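*Asks:* Build the 3D model from these lines:
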Amino acid sequence: MAHQILKIASFTRWSVECWNRKLAIEASDAAGVPLQIISCTAPPPILRQRLAARTGDVSDAGPQLLESQLRSFEDFDASERPRVLHLETTSPAQIHRLAAELGLPGKNS
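*Replies:* Numbers count the residues shown, from 1 in each chain. Below is the predicted model of the structure:
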(Lines give C-alpha, C1' and ligand atoms only; values in the text may rest on other atoms or scores of the structure.)
Protein backbone atom coordinates (compact mmCIF):
# COMPACT_ATOMS: atom_id res chain seq x y z
CA MET A 1 0.00 0.00 0.00
CA ALA A 2 1.43 3.37 -0.99
CA HIS A 3 1.18 6.39 1.26
CA GLN A 4 1.85 10.05 0.65
CA ILE A 5 3.33 12.26 3.31
CA LEU A 6 3.28 16.02 3.11
CA LYS A 7 5.79 17.97 5.17
CA ILE A 8 5.27 21.69 5.13
CA ALA A 9 8.44 23.56 5.91
CA SER A 10 10.42 26.45 4.61
CA PHE A 11 13.71 24.53 4.24
CA THR A 12 15.36 27.78 3.18
CA ARG A 13 18.88 26.78 4.16
CA TRP A 14 21.11 23.73 4.28
CA SER A 15 22.44 24.82 7.65
CA VAL A 16 19.21 25.19 9.66
CA GLU A 17 19.41 22.67 12.54
CA CYS A 18 17.40 19.49 12.00
CA TRP A 19 14.80 20.98 9.64
CA ASN A 20 17.07 21.24 6.65
CA ARG A 21 16.79 19.93 3.14
CA LYS A 22 19.83 17.67 3.35
CA LEU A 23 18.44 15.70 6.31
CA ALA A 24 15.04 15.38 4.64
CA ILE A 25 16.68 14.01 1.48
CA GLU A 26 18.93 11.64 3.42
CA ALA A 27 16.00 10.33 5.48
CA SER A 28 13.82 9.75 2.44
CA ASP A 29 16.64 8.01 0.57
CA ALA A 30 17.43 5.80 3.58
CA ALA A 31 13.75 4.82 3.87
CA GLY A 32 13.41 4.23 0.13
CA VAL A 33 10.65 6.82 -0.02
CA PRO A 34 10.57 9.26 -2.94
CA LEU A 35 10.91 12.91 -1.99
CA GLN A 36 9.56 15.74 -4.12
CA ILE A 37 10.43 19.34 -3.25
CA ILE A 38 7.78 21.85 -4.24
CA SER A 39 9.36 25.28 -4.44
CA CYS A 40 6.55 27.83 -4.05
CA THR A 41 7.45 31.33 -5.16
CA ALA A 42 5.85 34.72 -5.65
CA PRO A 43 7.28 38.20 -6.06
CA PRO A 44 8.23 39.74 -2.67
CA PRO A 45 5.62 42.54 -2.95
CA ILE A 46 2.89 39.89 -3.38
CA LEU A 47 4.22 37.95 -0.39
CA ARG A 48 4.13 41.12 1.72
CA GLN A 49 0.54 41.81 0.63
CA ARG A 50 -0.51 38.27 1.52
CA LEU A 51 1.06 38.54 4.96
CA ALA A 52 -0.62 41.88 5.61
CA ALA A 53 -4.01 40.35 4.73
CA ARG A 54 -3.68 37.42 7.18
CA THR A 55 -5.69 37.47 10.39
CA GLY A 56 -6.35 34.94 13.13
CA ASP A 57 -3.63 32.63 11.82
CA VAL A 58 -1.59 30.28 14.03
CA SER A 59 1.45 30.66 11.77
CA ASP A 60 4.48 32.56 13.02
CA ALA A 61 4.91 34.10 9.57
CA GLY A 62 5.19 37.85 9.62
CA PRO A 63 7.12 40.64 7.95
CA GLN A 64 10.35 39.98 9.88
CA LEU A 65 10.30 36.25 9.11
CA LEU A 66 9.63 36.91 5.43
CA GLU A 67 12.50 39.38 5.14
CA SER A 68 14.81 36.96 6.96
CA GLN A 69 13.86 34.12 4.62
CA LEU A 70 14.32 36.27 1.54
CA ARG A 71 17.83 37.20 2.73
CA SER A 72 18.91 33.72 3.78
CA PHE A 73 17.47 31.50 1.04
CA GLU A 74 20.05 29.12 -0.40
CA ASP A 75 19.27 27.99 -3.94
CA PHE A 76 18.89 24.32 -4.78
CA ASP A 77 22.10 22.45 -5.51
CA ALA A 78 22.77 19.71 -8.07
CA SER A 79 21.61 16.92 -5.73
CA GLU A 80 18.27 18.67 -5.09
CA ARG A 81 17.38 20.01 -8.55
CA PRO A 82 16.04 16.70 -9.95
CA ARG A 83 13.54 16.60 -7.05
CA VAL A 84 12.30 20.19 -7.41
CA LEU A 85 8.99 21.24 -8.91
CA HIS A 86 8.75 25.03 -9.19
CA LEU A 87 5.38 26.61 -8.52
CA GLU A 88 4.72 30.30 -9.13
CA THR A 89 1.81 30.81 -6.74
CA THR A 90 0.41 33.82 -8.57
CA SER A 91 -0.40 31.56 -11.54
CA PRO A 92 -3.65 29.58 -11.16
CA ALA A 93 -2.69 27.57 -14.25
CA GLN A 94 0.56 26.43 -12.61
CA ILE A 95 -1.24 25.57 -9.38
CA HIS A 96 -3.80 23.42 -11.23
CA ARG A 97 -1.06 21.77 -13.34
CA LEU A 98 0.94 20.84 -10.25
CA ALA A 99 -2.15 19.53 -8.45
CA ALA A 100 -2.88 17.33 -11.45
CA GLU A 101 0.75 16.09 -11.59
CA LEU A 102 0.57 15.15 -7.91
CA GLY A 103 -2.82 13.50 -8.30
CA LEU A 104 -4.49 15.93 -5.91
CA PRO A 105 -8.23 16.51 -6.17
CA GLY A 106 -9.24 19.71 -7.88
CA LYS A 107 -12.12 22.04 -7.13
CA ASN A 108 -14.48 19.97 -9.25
CA SER A 109 -13.47 16.57 -7.83
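*Asks:* Isn't F76 up against T41?
*Replies:* No - under the criterion of CB atoms under 8 Å, F76 is not in contact with T41, lying 11.9 Å apart. C-betas here are computed from N, CA, C, even on glycine.
*Asks:* Provide a list of residues in contact with L23.
*Replies:* Going by CB atoms under 8 Å, 6 or more residues apart in numbering, L23 touches no other residue.
*Asks:* So which bits of the helix or strand harbouring it are buried?
*Replies:* Counting by DSSP states H and E, the element that carries L23 is helix 21-31. In terms of neighbour count (16 or more other CB atoms under 10 Å), helix 21-31 has its buried residues at R21, A24, I25, S28.
*Asks:* what about F76 and T41, which has more around it?
*Replies:* A side-by-side neighbour count of F76 and T41, using other CB atoms under 10 Å, places F76 first with 16 against 13.
*Asks:* Mind telling me what element the more buried one is part of?
*Replies:* Element membership for F76, per DSSP H and E: none, as it lies in no helix or strand.
*Asks:* can you pull up the bridge partners for the closest residue to it other than its chain neighbours?
*Replies:* Using CB to CB, 6 or more residues apart in numbering and skipping residues adjacent in sequence, the residue nearest F76 is V84, 5.3 Å away. V84 has the following beta-bridge partners by DSSP bridges: I37.
*Asks:* I'd like the buried residues of helix 21-31 as a markdown table, with pLDDT appended.
*Replies:* What follows is those, written out as a markdown table (pLDDT from 0 to 100):
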| residue | pLDDT |
| --- | --- |
| R21 | 78 |
| A24 | 81 |
| I25 | 85 |
| S28 | 86 |
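*Asks:* out of the residues you listed, who's nearest S68?
*Replies:* For S68, the closest of the buried residues of helix 21-31 turns out to be R21, at 17.1 Å, with distances computed as CB to CB.
*Asks:* you'd agree S79 is in a strand?
*Replies:* No - inclusion of S79 in a strand is not indicated when DSSP: H, G, I helix; E, B strand; the rest coil is applied; the result is coil.
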